[in-house]
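1. Fold the following.
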Amino acid sequence: MLAARDRESARIGVEPRLRGRVGVGAAARAIARDLNGTEEEPGPARENRTLPPEPTSILRYRVRSENGTVAFSDSSRGQPQAFYEVAKLTRDLAKRVCGLAR
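-> Alright, predicted model coming up:
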């Protein structure tokens, strides 16, 4: 589990030592705006969009916002740009906070 908060912090799993300031606020807010959309143009979160994984799926994502939840995998078809941004932010945080190679 990865939790990115608006207060510029992130937490991976339940390890307290992995909590810390990582400067994700601006990127997370931009992604939230894209996922939530507007009243005139609802984003995928307002629609509670779920995209099924393909058989070759390795990673699965679930993002909860104040307006709804989206779920998808790295191989889901028809992903909007915001889903790719979620995957990129997740990868960046996993590398910086956890020290994972990929």
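
2. residue boundaries of the helices in this structure?
-> Secondary structure of the chain (DSSP state H): helices located at 25-36, 81-98.

3. List the buried residues of the first one.
-> Applying a neighbour-count criterion of 16 or more other C-beta atoms under 10 Å, the buried positions in helix 25-36 are 27, 28, 31, 32, 34, 35, 36. (Glycine included, C-beta is placed from N, CA and C.)

4. How about the contacts made by residue 38?
-> By C-beta atoms under 8 Å, 6 or more residues apart in numbering, the contact list for residue 38 is empty.

5. Quick check: the gap between it and residue 53.
-> Using C-beta to C-beta, to the nearest Å, one gets 29 Å for the distance from residue 38 to residue 53.

6. Then residue 67?
-> Counting by C-beta to C-beta - residue 67 and residue 53 are separated by 23 Å.

7. what number of residues lie near the spatially closest residue to residue 60 that is not a sequence neighbour?
-> Taking C-beta to C-beta, 6 or more residues apart in numbering, and ignoring the residues beside it in sequence, residue 60 has residue 73 as its nearest neighbour in space, at 4.6 Å. Neighbour count for residue 73, taken as other C-beta atoms under 10 Å: 19.

8. Quick one, grab the pLDDT at residue 73.
-> Residue 73 is assigned 95 on the pLDDT scale.

9. quick revisit: got the helices of the chain as a markdown table, with mean pLDDT and distance to residue 47 columns?
-> As requested, the helices of the chain are arranged in a markdown table below (pLDDT from 0 to 100; distance: least, C-beta to C-beta, whole Å):
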| stretch | mean pLDDT | distance to residue 47 |
| --- | --- | --- |
| helix 25-36 | 86 | 10 |
| helix 81-98 | 86 | 12 |
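
10. now these in a markdown table, with distance to residue 58?
-> Supplementary listing: the helices of the chain in a markdown table, determined by distance: least, C-beta to C-beta, whole Å:
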| stretch | distance to residue 58 |
| --- | --- |
| helix 25-36 | 21 |
| helix 81-98 | 11 |
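
11. Mind checking those helices for the one nearest to residue 48?
-> helix 25-36 (10.8 Å; C-beta to C-beta).

12. The closest one - contacts with which helices or strands?
-> Helix 25-36 sits against strand 60-65, helix 81-98, with contacts defined as 3 or more C-beta pairs under 8 Å, 6 or more residues apart in numbering; DSSP states H and E.

13. Having no further points to raise, I will conclude here.
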